[in-house]
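Student: give the three-dimensional model of this entry:
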Amino acid sequence: MSNINILAIESSCDDTSAAVIQNGKVLSNCVANQEIHTLYGGVVPEVASRAHQENIVPIVDVALQQAGIKKEEINAVAFTRGPGLVGSLIVGISFAKAYALSLGIPLIEVNHLQAHVLAHFAREPYPVFPFLCLTVSGGHTQIIIVKDHLEMELIGSTLDDAAGEAFDKTGKLLGLDYPAGPLIDHYAQKGEPRFEFPEPKIQGLNFSFSGLKTAILYFLRDNLKQDPDFIKNNLNDICASVQQRIVSILLSKLKRASRETGIKEIAIAGGVSANSALRQGIKSLEKKMQWNTYIPEFEFCTDNAAMIGVTGYYKYLKGEFTDQSVTPLARWNV
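Tutor: Numbers count the residues shown, from 1 in each chain. Just a heads-up that it's a prediction; the model follows:
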């Protein structure tokens, strides 16, 4: 049986990534970061799309070289169609179209959120179906029942801001660089969660982080009036307190989802799944809740093309291809 080689492209936000997947196994996974956004305190769409244009050809070349695969051996090109920044998506989609057209091979569109879930199939051990996946990234917070590789049911989602946004916007209030999530995690490990922040009372399995952000804003405002050095003198404890509350909100909903569905196979995915407190919280609940838990390796947490390629592989097996008329989708649910 001949090998199935998938070239994968990811360009939904500010990371340009390319990967090669052979028969579902990751041969290479290369990422070009865009550190320039640190200067602006957040991703600037126009800057991101221009950087993708500069990075995409070199990163694909590196991915092919690391995989030891020639372009003539590629059987299909998988790419992120959405959700994401339209300008960034256009770069990746345009490249994928041209590459596939030049080689006369199929195109495979991939939902970025679905790919985050299937990042668990980039390395063994694989989750057992059905499983619950808490997907937590900069722009999305969701709980999904994963029934098969390509069959998923959304049962909970954020009503406003996502958990990743709560981390980043808190970081901005604290004067931290973007992206602030990893920095808050770093400082939190040195502090104690001695400040109390409210937990929103949202019905069902949905999330809301806008109220928490407001509470943090007022907390800092009031304490800075009394002590201009409050943040400087309490940074570690503030970060620990904010992180503890965000993680407790996430885990509370996940426990409820497990009880309501009876599913005890539990996974986390997305950029925030790299957070140490969330990873520790999931593991600490494993015995108490009688869960089997699955936590992705760090390289598969943030945006990467390997997860796009893995998803593309399963779509290839089912013959789910798209054509040259495909356009980006800024919003696209699982």
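
Student: Gln280 in helix, strand or coil?
Tutor: Counting by DSSP: H, G, I helix; E, B strand; the rest coil, the backbone at Gln280 sits in helix.

Student: check Ser12 too.
Tutor: Judged by three-state DSSP, the three-state class of Ser12 is coil.

Student: helices along the stretch 51-200 of the chain, start to end?
Tutor: Using DSSP state H, counting those that start in this stretch, the helices of the stretch 51-200 of the chain run over 86-103, 112-118, 163-173, 181-188.

Student: of those, which approaches Thr80 most closely?
Tutor: Proximity to Thr80 (C-beta to C-beta) singles out helix 112-118 among the helices of the stretch 51-200 of the chain, at 5.0 Å. Yep, even glycine has a C-beta here, placed from its N, CA and C like the rest.

Student: tell me which residues of the closest one are tucked away?
Tutor: His112, Leu113, Gln114, Ala115, His116, Val117, Leu118 (16 or more other C-beta atoms under 10 Å).

Student: mind putting those residues in TSV, distance to Gln22 included?
Tutor: Compiled in TSV, the buried residues of helix 112-118 are given as follows (distance: C-beta to C-beta, whole Å):
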residue	distance to Gln22
His112	22
Leu113	24
Gln114	21
Ala115	17
His116	21
Val117	21
Leu118	16
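
Student: hey, where'd the strands end up in the stretch 151-300 of the chain?
Tutor: Here the stretch 151-300 of the chain has its strands, by DSSP state E, counting those that start in this stretch, at 151-157, 265-269, 292-294.

Student: would you mark the buried spots in the helix or strand immediately after the last one in the chain?
Tutor: Read that as strand 292-294. Moving toward the C-terminus from strand 292-294, the next helix or strand (DSSP states H and E) is helix 305-317. Under the neighbour-count criterion of 16+ other C-beta under 10 Å, helix 305-317 has Ala305, Ala306, Met307, Ile308, Gly309, Val310, Thr311, Gly312, Tyr313, Tyr314, Lys315, Tyr316 buried.

Student: for stretch 94-102, the averaged confidence score.
Tutor: What stretch 94-102 shows for mean pLDDT is 98.

Student: shift numbering so it begins at 57
Tutor: Understood, numbering begins at 57; the last thing we discussed is stretch 150-158.

Student: just the CA trace of that stretch, in CSV.
Tutor: Listed next in CSV are the C-alpha coordinates belonging to stretch 150-158 (Å, rounded to 0.1, in the frame of the first residue of the first chain):
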residue,chain,number,x,y,z
SER,A,150,-4.2,31.1,-1.8
PHE,A,151,-0.9,29.2,-1.3
ALA,A,152,-2.7,25.9,-0.8
LYS,A,153,-4.8,26.4,-3.9
ALA,A,154,-1.8,27.2,-6.1
TYR,A,155,0.3,24.3,-4.7
ALA,A,156,-2.5,21.8,-5.2
LEU,A,157,-3.3,23.2,-8.7
SER,A,158,0.3,23.0,-9.8
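
Student: what does stretch 273-283 rub up against?
Tutor: Leu229, Leu230, Phe251, Phe253, Phe286, Ile287, Asn289, Ile294 (C-beta atoms under 8 Å, 6 or more residues apart in numbering).

Student: buried residues, that stretch. List them.
Tutor: For stretch 273-283, burial by neighbour count (16+ other C-beta under 10 Å) applies to Phe275, Leu276, Asn279.

Student: ramachandran angles for the closest residue to Lys311 other than its chain neighbours?
Tutor: Excluding its sequence neighbours, the residue lying closest to Lys311 (C-beta to C-beta, 6 or more residues apart in numbering) is Met345, at 6.5 Å. Backbone torsions for Met345, taken as degrees, to the nearest 10, come to phi -100, psi 0.

Student: pretty sure Met345 contacts Leu310?
Tutor: No: contact status for Met345 versus Leu310: not in contact, 9.2 Å apart, counting by C-beta atoms under 8 Å.

Student: which neighbours do these two share?
Tutor: Listed as contacting both Met345 and Leu310 by C-beta under 8 Å, 6+ apart are Ile322.

Student: who's more crowded, these two?
Tutor: Shown here are Met345 and Leu310; by other C-beta atoms under 10 Å, Leu310 has more neighbours (24 against 16).

Student: any idea how far Trp347 is from that one?
Tutor: Going from Leu310 to Trp347 by C-beta to C-beta, to the nearest Å gives 9 Å.

Student: hey, what's in contact with both of those two?
Tutor: Going by C-beta under 8 Å, 6+ apart, residues that sit against Leu310 and also against Trp347 are Ile322.

Student: about what we covered before: any chance of the strands of the stretch 207-356 of the chain in TSV, with mean neighbour count too?
Tutor: Below are the strands of the stretch 207-356 of the chain laid out as TSV (neighbours: other C-beta atoms under 10 Å):
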stretch	mean neighbour count
strand 207-213	16
strand 321-325	24
strand 348-350	16
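
Student: save these as JSON lines, and put in mean pLDDT too.
Tutor: Compiled in JSON lines, the strands of the stretch 207-356 of the chain are given as follows (pLDDT from 0 to 100):
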{"stretch": "strand 207-213", "mean pLDDT": "97"}
{"stretch": "strand 321-325", "mean pLDDT": "98"}
{"stretch": "strand 348-350", "mean pLDDT": "97"}
